[in-house]
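Q: below: sequence and its predicted model.
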Amino acid sequence: MTAGERTAGLLRRLAALLYDAFLVLAIWMALGFAAQFIAGVETNQVIDGRVQTDPVFGLLLFALMCASAAAFYVWFWTRGGQTLGMLAWRIRAQSRDGSPMSVRQALLRFLCAWPSFFLFGLGYLWLCFDPQGDAAHDRLSRTRVVLLPRRQR
C-alpha cells in the first residue's frame, strides 16, 4: 500500500457489492431471456402448478450465470480495478503493489469471494481483525481494496 492509501471498510465494500448485484442480476435476466428464446419453451413444463425446467438446460443456464458473473468482475478488476458499484463508492481493487490485478489474481479473488460471503460473511468480517484491513479473499489473491480520495472519483 502506498503512502496515503487507506483500506476500504466493510460497509463501503458491501454497498458497492449491492450496486454490482443489480448489474449482474440484469445480465442474468438478459442471458436467461436469450437462452429461453434460443432453446424454446419446450425446456419448461408445468407439472402440478409448478414450472419444471429441463435439468440439462438448468445446468447450462447456471454455468452461463457463473461465467458471466466471473467475466463481469474480472473485466472490471483488470481494467482500472473498479466495477460500477466500486466507482460510486470510491474504492478500487488492485494488486498489493498498487498495479492493476492480473487475470489470474482477479479470477482467484472472484472464486474466493463466494465462500467469503456465503459462509456467514466470515471472509468479509475478517477485515475487522486483519492488521492491514484485508478480507480473506484479498489475502488469498494478494490484492487489496483501497479507498480513493474524493478528487479521484
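A: Right, received. Where do you want to start?

Q: now Leu107: closest residue in space, sequence neighbours ignored.
A: Sequence neighbours aside, Val74 is the residue nearest to Leu107 in space, at 5.7 Å (criterion: C-beta to C-beta, 6 or more residues apart in numbering). (C-beta placed from N, C-alpha, C; glycine too.)

Q: tell me the pLDDT of the one you found.
A: In this model, Val74 is scored at 98, pLDDT.

Q: pLDDT on the top helix by length along the chain, on average?
A: Across the chain, the longest stretch assigned as helix under DSSP state H is helix 10-39. For helix 10-39, mean pLDDT rounds to 95.

Q: what residues sit buried inside that helix?
A: Across helix 10-39, burial judged by 16 or more other C-beta atoms under 10 Å covers Arg13, Ala15, Ala16, Leu17, Tyr19, Asp20, Val24.

Q: helix, strand, or coil at the spatially most central residue of the chain?
A: The geometric centre of the chain, computed from its C-alpha atoms, lies nearest to Tyr73 (C-alpha atoms, centre = their mean), at 5.2 Å. Here Tyr73 is helix, with the state taken from DSSP: H, G, I helix; E, B strand; the rest coil.

Q: next, give phi and psi for Val146.
A: phi -110, psi 150 (degrees, to the nearest 10).

Q: surely it and Asp97 touch.
A: No: using C-beta atoms under 8 Å, Val146 makes no contact with Asp97, being 12.0 Å away.

Q: these two - which one has more neighbours?
A: Val146 (19 against 9; other C-beta atoms under 10 Å).

Q: the nearest residue to that one once chain neighbours are set aside: neighbouring residues, count only.
A: Nearest non-adjacent residue to Val146, counting by C-beta to C-beta, 6+ apart: Glu5, 4.7 Å away. When neighbours are defined as other C-beta under 10 Å, Glu5 has 15 of them.

Q: residue contacts, Glu5?
A: Gly98, Val146, Leu147 (C-beta atoms under 8 Å, 6 or more residues apart in numbering).
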